[in-house]
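Q: the sequence and its predicted three-dimensional model are supplied below.
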Amino acid sequence: MDVREAIEGRRAYRSLEPAEVTDALIEDLTGVARIAPSCFNNQPWRFVFARDKEVLERLHGALSKGNEWATVGSMIVGVASRLDLDCEIAGREYFLFDTGMATAFIILRATELGLVAHPIAGFRESEAKEALGLPEDMRLIALVIIGKHADGIGPLLTEKQVADEAARPARLPAAEIAFIDHYGA
């Protein structure tokens with residue numbers, strides 16, 4: 001699979017089934033994150049790969065309504081950082097951007113390995129941070145649910161989520177997101 005295939009094949013599926021989570025998988029995903037670009041090579045990202053049943057159960061308790069489907073995943077990756085780990089140039093804070101790029105590398109590599117890596121924002125941060133043992137001063141930016149795509153529709157999905165499984169959600173037209181030389185041109 002080339003990069004374009006991984007990008008086009010990536011989907012935020014919610015119908016999951018368990019996947020084997022080995023130390024080698026975690027090392028592989030960590031390895032691709034390590035080589036992501038960042039401002040002055042600061043590498044501000046911190047990832048907690050949660051696979052222990054008790055830790056996962058605590059994380060499940062921190063999920064927002066509508067994310068019950070995530071309880072079927074085999075691993076949840078906590079994506080964290082904080083401002084002082086990266087550049088701040090002329091008021092522009094890079095830690096979120098750089099951590100997002102490293103997370104995208106993890107998601108694309110997981111896709112290449114035949115896994116689903118579905119990032120979510122629907123969780124209670126303080127509860128999830130506690131479950132992951134993150135220090136209070138860290139920002140828990142996202143959780144990435146890891147599993148295998150199930151052949152059928154998962155029983156924990158809402159009607160809207162079932163509809164979303166059938167086809168990739170619509171994307172904005174290129175003319176609305178990309179401009180040449182001047183915004184809006």
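A: Cool, got the structure.
Q: may I have the helix or strand of the chain with the lowest mean pLDDT exported as CSV, CA atoms only?
A: When the helices and strands of the chain are scored by mean pLDDT, DSSP states H and E, helix 159-166 comes last with a mean of 87. Presented in CSV, the C-alpha positions along helix 159-166 are these (Å, rounded to 0.1, in the frame of the first residue of the first chain):
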residue,chain,number,x,y,z
GLU,A,159,-29.1,5.0,13.4
LYS,A,160,-27.0,7.9,12.1
GLN,A,161,-23.8,6.0,12.8
VAL,A,162,-25.2,3.0,10.9
ALA,A,163,-25.9,5.3,7.9
ASP,A,164,-22.4,6.7,8.1
GLU,A,165,-20.8,3.3,8.0
ALA,A,166,-22.2,2.7,4.5
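Q: find me the pLDDT at the closest residue to Asn67 other than its chain neighbours, would you?
A: Leaving out its chain neighbours, the residue that sits closest to Asn67 by C-beta to C-beta, 6 or more residues apart in numbering is Gly122, at 4.6 Å. Bear in mind the C-beta positions are built from the backbone N, C-alpha and C, glycine included. pLDDT for Gly122: 97.
Q: quick one: contacts for Gly122?
A: Going by C-beta atoms under 8 Å, 6 or more residues apart in numbering, Gly122 touches Leu63, Ser64, Lys65, Gly66, Asn67.
Q: circling back: what about the helix or strand following the least confident helix or strand of the chain, distance to the chain center?
A: The first helix or strand that comes after helix 159-166 along the chain, using DSSP states H and E, is helix 174-177. Mean C-alpha position of helix 174-177 versus that of the full chain (C-alpha atoms, centre = their mean, to the nearest Å) differs by 24 Å.
Q: can I get helix 174-177 in PDB? Just the C-alpha atoms.
A: Taking C-alpha atoms only, helix 174-177 is exported to PDB below (Å, rounded to 0.1, in the frame of the first residue of the first chain):
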ATOM      1  CA  ALA A 174     -12.000  21.600  -3.300                       C
ATOM      2  CA  ALA A 175     -13.000  25.200  -4.200                       C
ATOM      3  CA  GLU A 176     -14.200  25.800  -0.600                       C
ATOM      4  CA  ILE A 177     -11.000  24.600   1.100                       C
END
